[in-house]
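K.L.:
using only what follows, build the 3D model:
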Amino acid sequence: MCVMARPRKPLLSRERIVATALELIDAEGLPALSTRRLAAELGVSGPSLYNHFTTKDEILDAVADTVIAEVDVAAFEGGDWRTGLLGWARSYRAALAAHPHVVPYLAQGPGRRPAGLRMADAAFGGMVEAGWPPAQATRVCAMVRYFVAGSALGSFARGFVDDPGAYDPADYPHLGQAHLLAEHQRQVDEGAFETGLQALVDGLALRHPELVPPTDRARPL
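P.N.:
Numbers count the residues shown, from 1 in each chain. Next up, the predicted model:
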């Protein structure tokens, strides 16, 4: 009986290509990704990738959709738009913050990516079902997306150096403690996100159609 030898390397698959591409982007950024570099990381020849993806952009689309697939939109299922927005925004930020180098590519929009479209459909649908007119629901979802992407892309706290002598009180009288911000990066950045998110939802609550007089409902957000 002839027994086939097990291949030395795992067989190439779409999932393995995407996972390796994401690891490379996470470690070195979007510019580091090329089909040649990706093939080398996978231990295969470049043409082997084209059995699974036609172009590099297709690989990037799959990577982006893998990140968005981590976003939980289940909070919209309860019917309360506030809970839905809060849960979506927090999960959305967590997914992007885990892969910040992918954020610029995600900023192009969902295109035809299934996970991205499912997320957009759930958020928009949840807002409309909660009574928001479609045009306003679109603006709200766009606003949350801008807010989340900006929050995940950089760190306010890390923007200040930890040298106490860097901020001369003669020049910057209110930045005497700025050198301590980087030490408390997570607390500062996550606190800023939560403060902004709560303010956003509280402000939207005042604009909900149930609370806005009929003569004012035609005004844009």
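K.L.:
contact partners for residue 201?
P.N.:
The contact partners of residue 201, by C-beta atoms under 8 Å, 6 or more residues apart in numbering, come to 82, 85, 86. In short, each C-beta sits where N, CA and C put it, glycine included.
K.L.:
which of the residues you listed lies closest to residue 103?
P.N.:
Lowest distance from residue 103 to the contacts of residue 201 (C-beta to C-beta) belongs to residue 85, with 19.8 Å.
K.L.:
and the closest residue to the closest one other than its chain neighbours, what element?
P.N.:
In this structure, residue 85 finds its nearest non-sequential neighbour in residue 201, 5.7 Å apart by C-beta to C-beta, 6 or more residues apart in numbering. Using DSSP states H and E, residue 201 falls within helix 185-205.
K.L.:
isn't residue 200 up against residue 144?
P.N.:
Yes. Assessed by C-beta atoms under 8 Å, residue 200 is found in contact with residue 144 at 7.4 Å.
K.L.:
quick check, pLDDT for residue 65.
P.N.:
Here, the pLDDT recorded for residue 65 equals 96.
K.L.:
hang on, I meant residue 140
P.N.:
The model's pLDDT for residue 140 equals 96.
K.L.:
equivalent analysis for residue 148, please.
P.N.:
For residue 148, the model assigns a pLDDT of 95.
K.L.:
outside of the helix or strand containing it, which residues touch it?
P.N.:
Using DSSP H and E, residue 148 falls within helix 134-153. By C-beta under 8 Å, 6+ apart, the list of residues contacting helix 134-153 from outside reads 85, 88-89, 92-93, 96-97, 100, 103-104, 106-107, 120, 123-124, 127-128, 132, 189, 192-193, 196-197, 200, 204, 207, 209, 220-221.
K.L.:
and these, which are buried?
P.N.:
Among the contacts of helix 134-153, those classed as buried by 16 or more other C-beta atoms under 10 Å are 85, 88-89, 92-93, 96-97, 100, 103, 106, 120, 123-124, 127, 132, 189, 193, 197, 200, 204.
K.L.:
lowest-scoring secondary structure element of the protein by mean pLDDT?
P.N.:
Lowest on mean pLDDT, DSSP states H and E among the helices and strands of the chain sits helix 46-49, with a mean of 83.
K.L.:
please compute how far the helix or strand following that one lies from its chain's middle.
P.N.:
Remark: after helix 46-49, the chain's next helix or strand is helix 56-68, criterion DSSP H and E. Relative to the mean C-alpha coordinate of its chain, helix 56-68 is positioned 13 Å out (C-alpha atoms, centre = their mean, to the nearest Å).
K.L.:
now do stretch 59-72
P.N.:
With C-alpha atoms, centre = their mean, you get 9 Å for stretch 59-72.
K.L.:
any low-confidence regions in this protein?
P.N.:
Within the chain, the ranges that satisfy pLDDT under 70 run 1-10, 210-221.
K.L.:
how's it carved up into domains?
P.N.:
The chain resolves into domains spanning 14-54, 70-216 when parsed by automatic domain parsing.
K.L.:
grab the most central residue of the protein for me.
P.N.:
By C-alpha atoms, centre = their mean, the chain has its centre lying nearest to residue 96, at 3.1 Å.
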